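Engineer: sequence unknown, structure follows:
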């Protein structure tokens with residue numbers, strides 16, 4: 001599940017690269033009006049894009065091979081950690097001899113998982129910047145609590161009092177959720193489920 005969330009995070013957060021978009025995403029006169037339509041509309045788009053990503057992963061990635069490699073590397077890591085805790089230097093030296101091989105397998109797993117993303121990134125980017133801003137408003141939902149969970153104060157998932165005070169603000173009240181942030185949370189929420197259902201999860205289970 002953690003790996004699925006990471007993939008969903010990367011698929012969404014890469015769309016926020018500074019410079020790709022000069023201002024906040026959204027429209028003052030969106031095609032889809034109202035909170036309910038916006039909330040469910042974005043969820044459906046997130047489901048569709050994640051399904052497309054899962055289909056491409058299923059075609060491009062040998063899931064059985066990835067699971068086998070993950071099981072082998074995680075078993076080695078677990079055994080190595082146990083040897084460190086037991087201070088069994090002979091076992092540690094023996095396991096360290098396989099480090100280069102394990103690093104190679106980890107790199108193979110990483111490359112296999114990144115390859116589909118390289119194909120889907122551009123279409124997702126086009127949808128994110130050319131479709132969503134015309135369909136939905138700048139803010140699409142209201143959170144009961146602040147959701148500024150991303151470290152570094154670089155991105156806000158919800159509007160803050162400081163955001164509202166800015167001359168170019170698009171929020172009318174605190175804790176409103178931006179278009180991009182609701183899409184991000186929706187994508188992360190559905191990606192793990194879709195990966196499980198389509199058997200494209202990046203786990204050894």
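Structural biologist: Cool, the structure landed. All of these numbers come straight from a predicted model, not from anything done at the bench.

Engineer: what residue of this structure is the furthest out?
Structural biologist: Using CA atoms, centre = their mean, the residue of the chain lying farthest from its centre is residue 90. It sits 40.7 Å away.

Engineer: what comes up buried for the host helix or strand of residue 122?
Structural biologist: Residue 122 belongs to helix 99-126 when elements are defined using DSSP states H and E. Neighbour counts over helix 99-126 (16 or more other CB atoms under 10 Å) mark 102, 105, 109, 112-113, 116-117, 120-121, 124 as buried. C-betas here are computed from N, CA, C, even on glycine.

Engineer: closest to residue 63 among these?
Structural biologist: Using CB to CB, residue 112 comes nearest to residue 63 of those, at 9.4 Å.

Engineer: just to revisit the earlier point, which other helices and strands does the helix holding residue 122 contact?
Structural biologist: If contacts are counted by 3 or more CB pairs under 8 Å, 6 or more residues apart in numbering; DSSP states H and E, helix 99-126 sits against helix 2-13, helix 35-60, helix 63-86.

Engineer: which one of the buried residues of helix 99-126 is nearest to residue 148?
Structural biologist: Using CB to CB, these come closest to residue 148 at residue 124, 24.2 Å.

Engineer: do you know how far that closest one is from residue 38?
Structural biologist: Applying CB to CB, to the nearest Å, one obtains 19 Å for the distance of residue 124 from residue 38.

Engineer: quick one on the thing from earlier: tell me the helix or strand right after the helix holding residue 122.
Structural biologist: helix 132-135.

Engineer: can you redo the helices and strands packed on helix 99-126 as a markdown table with mean neighbour count, mean pLDDT and distance to residue 196?
Structural biologist: Formatted as a markdown table, the helices and strands packed on helix 99-126 follow (neighbours: other CB atoms under 10 Å; pLDDT from 0 to 100; distance: least, CB to CB, whole Å):
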| stretch | mean neighbour count | mean pLDDT | distance to residue 196 |
| --- | --- | --- | --- |
| helix 2-13 | 18 | 46 | 8 |
| helix 35-60 | 18 | 90 | 10 |
| helix 63-86 | 14 | 87 | 12 |
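
Engineer: check contacts around the residue nearest to residue 60 when sequence neighbours are not counted.
Structural biologist: Excluding the flanking residues, the one nearest residue 60 by CB to CB, 6 or more residues apart in numbering is residue 116, at 5.2 Å. Counting by CB atoms under 8 Å, 6 or more residues apart in numbering, residue 116 touches 53, 56-57, 60-61.
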